[in-house]
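Visitor: Sequence plus predicted model, see below.
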Amino acid sequence: MIGSSIHDRRTCSAFLAAALLGALTPALLPATQAEAAPPGRVCLFQDREGAGGAGHVAWAIRDPKDSGHWIWGATEGPANGTYVPAGSSNGSWIKGGTWKQLPASISLARYDNYRCTNTAGGNLKAAQQTYGRMKANGYAVLTNNCLTKSLEIFRSFAPALTGSSLPEGRTTPNDYFENSLDGARGWEAVRSY
């Protein structure tokens, strides 16, 4: 009987300790782990037939402070030609909402594929400010286009996106989307849009 009583006390003590540990675990976690925001995410969309077969891209960014909120946009470039001077309309646009609202966006209806990568965080305001600069800085088909502007917006959102995770965009949008990102660290496989 005495052995049973000791066993019962040990069992009760073990259950009590487990319950207390479970209740205290969030308080015992390091502050960065307990308070970590959801990760950011960037996605690049491909229109394979755009720009006479060279391709066209659009971008999307998930807010790391609100995983249900995204912003997305593109630079469409000039209707007839390869250059737009700074200060003139270069066909840039931006929208925001949920991931489910993104496909319904009339502006994204022409895209075929997309691929994404997660970021440890991000600064949505910095991305929006960069978009504002990109919208006002003209367009040049080889050096200041839909791809280079998208990459600049990604880099301002998450400065860690450089080098091996976000190569330079000195190629066509299709080549970048299909080949450069294949060798880039962290990018997911191509998905149909």
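Guide: Now that the structure is in, tell me what you want to look at.
Visitor: Okay, buried residues for stretch 79-92 please.
Guide: Using 16 or more other CB atoms under 10 Å as the test for burial, stretch 79-92 gives 84, 90, 92. For glycine as for every other residue, the C-beta is placed from the backbone atoms N, C-alpha and C.
Visitor: for stretch 161-168, same thing?
Guide: Under the neighbour-count rule (16+ other CB under 10 Å), stretch 161-168 has 161, 165-167 buried.
Visitor: now swap in stretch 49-56 and tell me
Guide: Counting neighbours by 16+ other CB under 10 Å, one finds that the buried residues in stretch 49-56 are 50-51, 54-56.
Visitor: from those residues, which is closest to N80?
Guide: Compare each of the buried residues of stretch 49-56 with N80 using CB to CB and the shortest gap goes to A51, at 12.8 Å.
Visitor: which stretches of the chain aren't confidently modelled?
Guide: For the chain, the stretches flagged by pLDDT under 70 are 1-38.
Visitor: R115 is in contact with F177, correct?
Guide: Yes - with contact defined as CB atoms under 8 Å, F177 reaches R115; the gap is 7.2 Å.
Visitor: joint contacts of those two?
Guide: Residues touching both F177 and R115 (CB atoms under 8 Å, 6 or more residues apart in numbering) are 44, 190.
Visitor: Give the residue from these two that has the larger number of neighbours.
Guide: The residue with more neighbours, out of F177 and R115 and counting by other CB atoms under 10 Å, is F177; that gives 26 against 19.
Visitor: what's the burial count for the spatially closest residue to that one that is not a sequence neighbour?
Guide: In space, and not counting its chain neighbours, F177 is closest to Q46: 4.5 Å by CB to CB, 6 or more residues apart in numbering. Under the neighbour criterion other CB under 10 Å, Q46 is assigned a count of 23.
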